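A.B. asks: predicted model and sequence follow; I will ask about them next.
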Amino acid sequence: MAVTSNIVILTGAGISAESGVNTFRDRNGIWSRVRLEDVATPEAFAAHPGRVQKFYNQRRAQLPSVKPNPAHHALVRLEQSHAGSVTIVTQNVDDLHERAGSQNIIHMHGELNRSLCAACGASAPHRGDLSIDSECASCGAIGRLRPDIVWFGEMPYQMDRIYDLLRDCDLFLSVGTSGNVYPAAQFVQEADRHGAHTVEINLEPSLGVSDFAEARHGKAGTLLPTFVDEVLSGQYRF
Ligand SMILES: [Zn+2]
């Protein structure tokens, strides 16, 4: 392993689920009870802003009741102790990586704790409920603040930067992702094509497991601390 090797970690719903966050796509996930067309598209917000705000207010209100788990903490340790760069690219909209202490995080699907103004485009930290009367601190528009979440039909954030990181990384680690959400499902191929070692850590084999050089299956909270120990001790070669 080169001392200055770069590591990119893609995280998905599985890592949050182990903290008790309600996930969206699982068999008993949120999309089995709520039609995503009703709450997670720009069209839904235009037609029923109050309903959409309420849905995300409930998700945001859940955050203080969940805590980072050993998998989140292991990634903090990796970032603090690894000599090269460590970047988390997360599909999750919760704040568990931040609360664990990770610094270098890209929220490709947005964040529950940020608002986005549909009038001026300003993104700002936001705590508490959003309502159809909320006022934008940047432009003063009323009723145009939405959760800063990438909805269906919208482009995930920072894709250029993410692809630069994938091309430049030595180790690509995917944790708790099902492999059925694009474009994230293609990241492993991009990293592999540019010479990275690729590892999947997931509860069960993902749809894309055959794209990875190595896979470990079980709870991220158990497997990831061990994996990080191996990397930091130099015992794990990639
Ligand atoms: Zn605004």
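C.D. replies: Thanks, I have the structure now. Owing to the predicted nature of the structure, the values given are computational and were not obtained by experimental measurement. Residues are numbered from 1 along each chain as shown.
A.B. asks: outline the domain layout of the chain.
C.D. replies: Split into domains by automatic domain parsing, the chain comes to 1-21+68-109+156-238, 28-65+111-149.
A.B. asks: where does this protein dip in pLDDT?
C.D. replies: Residue ranges of the chain with pLDDT under 70: 1-3.
A.B. asks: which residues of it lie near the ion?
C.D. replies: Listed as neighbours of the ion in the chain under the rule C-beta under 5 Å from the ion: 117, 119-120, 122, 136, 138-139, 141. (Glycine included, C-beta is placed from N, CA and C.)
A.B. asks: mind checking the SS state of residue 148?
C.D. replies: At residue 148 the chain is in strand, as set by DSSP: H, G, I helix; E, B strand; the rest coil.
A.B. asks: er, residue 121 actually
C.D. replies: Per three-state DSSP, residue 121 ends up coil.
A.B. asks: what's the distance between it and residue 139?
C.D. replies: Distance of residue 121 to residue 139, computed by C-beta to C-beta, to the nearest Å: 9 Å.
A.B. asks: please apply the same query to residue 46.
C.D. replies: Using C-beta to C-beta, residue 46 is found at 18 Å from residue 139.
A.B. asks: cool, and residue 187?
C.D. replies: Taking C-beta to C-beta as the measure, residue 187 falls 35 Å from residue 139.
A.B. asks: how many other residues sit next to the closest residue to residue 73 other than its chain neighbours?
C.D. replies: The shortest distance from residue 73 to any non-neighbouring residue, by C-beta to C-beta, 6 or more residues apart in numbering, is to residue 100 (5.3 Å). Using other C-beta atoms under 10 Å, residue 100 has 20 other residues around it.
A.B. asks: next one: residue 157
C.D. replies: Residue 157 has 16 neighbouring residues, counting by other C-beta under 10 Å.
A.B. asks: that one and residue 116, how far apart?
C.D. replies: Distance from residue 157 to residue 116, counting by C-beta to C-beta: 11 Å.
A.B. asks: circling back to that earlier point, OK, contacts around the residue nearest to residue 73?
C.D. replies: 68, 72-73, 75-76 (C-beta atoms under 8 Å, 6 or more residues apart in numbering).
A.B. asks: please redo it, this time with the cut-off set to 7 Å
C.D. replies: Residues in contact with residue 100 (C-beta atoms under 7 Å, 6 or more residues apart in numbering) are 68, 72-73, 76.
A.B. asks: okay, now the sheet partners of the longest strand along the chain, with direction.
C.D. replies: Assignment by DSSP state E gives strand 110-117 as the longest strand of the chain. If you go by DSSP bridges, strand 110-117 pairs up with strand 123-125 (antiparallel), strand 145-149 (antiparallel).
A.B. asks: now that strand, how far from the centre of its chain.
C.D. replies: From the chain centre to the centre of strand 110-117 is a distance of 14 Å (C-alpha atoms, centre = their mean, to the nearest Å).
A.B. asks: go on, stretch 207-224?
C.D. replies: Remark: stretch 207-224 is offset 17 Å from the chain centroid, using C-alpha atoms, centre = their mean.
A.B. asks: same question for stretch 57-76.
C.D. replies: 12 Å.
A.B. asks: check stretch 175-192 too.
C.D. replies: Offset of stretch 175-192 from its chain centre (C-alpha atoms, centre = their mean): 12 Å.
A.B. asks: got a list of contacts for it?
C.D. replies: For stretch 175-192, the surrounding residues in contact (C-beta under 7 Å, 6+ apart) are 8-15, 25, 71, 91, 108, 156, 159, 163, 166-167, 169, 172, 174, 198, 201-202, 206-208, 211-212, 220, 224.
A.B. asks: right, I'll call it a day here.
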